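K.L.:
Structure of the sequence below:
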Amino acid sequence: MNVSFLVYLGVLLGFGEIFAHVELDRWLGERLQGLAGLTGGSALIFLLAVAALGAGVGLVLRPGPIGVLLGGALYPAAAAIGVNPWVVALTIQMMMVQFLYPQQNVVYLSAYYGTGERAFSHEQARPLALAFTAFTLISLLVSIPYWRWLGLIA
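P.N.:
Now for the predicted structure:
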């Protein structure tokens, strides 16, 4: 049994109540409410803005509870233009795992050190990190018609 993961999960699930208690979610939601207006009510532009915001936050801060907070803050703006919260959450989670430096991605570090630092160098991996970001963004864009078909985007 992975006890450390269970403890982490318990702490993560408790963040919602903490954010609500200190009203951090409401404060952030008020700051991001204008995002729907800035995108002109377009679901496509809104999701691109969410993706850019998620990638930016993911590069500055470690993914985890901040993604939950960001998603919760964006749900009202998403609902205003007909985007399901699930799509917002998935977009944020996918874009927050981007990396430019090795220390930003645990999977990358596992592959690097798991091969004894001999399979590839950080310089060789950097173009792949950018390609990973592009592929993730393309996969999100390709998913939009499917999400529309499912009724997750108006």
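
K.L.:
tell me which residues of stretch 123-140 are tucked away?
P.N.:
125, 129, 132-133, 136-137, 140 (16 or more other C-beta atoms under 10 Å). C-beta here means a position set from N, CA and C on the backbone, and glycine is covered the same way.

K.L.:
tell me what the helix ranked longest in the chain is packed against?
P.N.:
What stands out as the longest helix in the chain, according to DSSP state H, is helix 122-150. Helix 122-150 sits against helix 43-60, helix 85-95, helix 106-114, with contacts defined as 3 or more C-beta pairs under 8 Å, 6 or more residues apart in numbering; DSSP states H and E.

K.L.:
Next, name the residue at the spatial heart of the chain.
P.N.:
In the chain, the residue lying closest to the centroid (C-alpha atoms, centre = their mean) is residue 92, at 2.3 Å.

K.L.:
Not counting its neighbours along the chain, what's nearest that one?
P.N.:
Using C-beta to C-beta, 6 or more residues apart in numbering and skipping the chain neighbours, the partner closest in space to residue 92 is residue 54 (4.1 Å).
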